[in-house]
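Colleague: Sharing a sequence plus its predicted fold:
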Amino acid sequence: MIGNLKYRFRSAVRRVTLHNLWSSLRFYWLSGDRSNVVFTTSIVLVMCAIGLTIQLTIHSQDKKREVNCLALNVYHEARGEPDKGKYAVAKVTLNRVASRHYPTTICEVVYQKGWDYIRKRYVSAFSWTELDERPATTNNRAWQKALQIATEVYENPDSQDLKGALFYHAKHIRPSWARKKIKVARIGRHIFYQ
């Protein structure tokens, strides 16, 4: 019985306290000077708008950089291939980004290097990043096509299905790693593997 009385008393005190708090806030709002509140709210809204603008700008720049890295990879790896081969190279790059075994951004995947115990040096995943090759000319038709394909594949990554292909090589070479992989497609002058 005493416990029940204590509970009722605490509940009544809470109700009175919340009611008093609400009454005090209401009284302050109705009778007080609201210029500070309006000024503070205005500052907060302006800061939120600036923050959102900065975030959208950074996201736009990140997207542009990622598409550019993908286009460079398509350009250097498959510029002489049919469009289907260019799409396939772009898809392999995105499959690597989606895989837990590779870096999480397109640029990191394209420029990834790993230690080669045979050659005793770091080697690139895509050979063109090791070569002293000139950058793609932006007025070149092949570059424009690579950029178009990279943008399409970036915007719609599920458009090409290569059954999770993560590897490919030119059909005229026979790398030792290919024996352990599952062949999924042969497109143009490349063979693709899981």
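Modeller: Cool, the structure landed.
Colleague: Please count neighbours and contacts with C-alpha atoms only from this point.
Modeller: Fine.
Colleague: burial of Ala170, as a residue count?
Modeller: 16 (other Cα atoms under 10 Å).
Colleague: Excluding chain neighbours, what is closest to it?
Modeller: Excluding its sequence neighbours, the residue lying closest to Ala170 (Cα to Cα, 6 or more residues apart in numbering) is His190, at 4.4 Å.
Colleague: Quick one: neighbours of Tyr117, just the number.
Modeller: Counted with other Cα under 10 Å, the neighbours of Tyr117 add up to 9.
Colleague: This protein: strands as residue ranges?
Modeller: 113-116, 121-124, 167-170, 183-187, 190-193 (DSSP state E).
Colleague: could I get these as CSV with mean pLDDT and distance to Ala90?
Modeller: Shown next, in CSV, are the strands of the chain (pLDDT from 0 to 100; distance: least, Cα to Cα, whole Å):
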stretch, mean pLDDT, distance to Ala90
strand 113-116, 88, 18
strand 121-124, 89, 17
strand 167-170, 93, 11
strand 183-187, 93, 13
strand 190-193, 95, 12
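Colleague: Tell me which of these sits most buried.
Modeller: Compared across the strands of the chain, strand 190-193 shows the largest average neighbour count, a mean of 22 (mean count of other Cα atoms under 10 Å).
Colleague: which other helices and strands contact that one?
Modeller: Judged by 3 or more Cα pairs under 8 Å, 6 or more residues apart in numbering; DSSP states H and E, the packing partners of strand 190-193 are strand 167-170, strand 183-187.
Colleague: wait, which of those strands is closest to Ser24?
Modeller: Closest approach to Ser24 among the helices and strands packed on strand 190-193 (Cα to Cα): strand 167-170, 68.6 Å.
Colleague: How far away from the center of its chain is the closest one?
Modeller: Relative to its chain's centre, strand 167-170 lies at 24 Å (Cα atoms, centre = their mean, to the nearest Å).
Colleague: cool, stretch 30-45 as well?
Modeller: The chain centre lies 39 Å from the centre of stretch 30-45; the measure is Cα atoms, centre = their mean.
Colleague: thinking again about what came up before, might one say that the residue nearest to Ala170 is in contact with Arg174?
Modeller: No - with contact defined as Cα atoms under 8 Å, His190 does not count as touching Arg174 (11.4 Å).
Colleague: which neighbours do the two share?
Modeller: In terms of Cα atoms under 8 Å, 6 or more residues apart in numbering, His190 and Arg174 are not both contacted by any residue.
Colleague: what about Tyr75, how many residues close to it?
Modeller: There are 26 residues near Tyr75, going by other Cα under 10 Å.
Colleague: Now it. Nearest residue, chain neighbours left out?
Modeller: Closest residue in space to Tyr75, ignoring its immediate chain neighbours: Ala146 at 5.3 Å, by Cα to Cα, 6+ apart.
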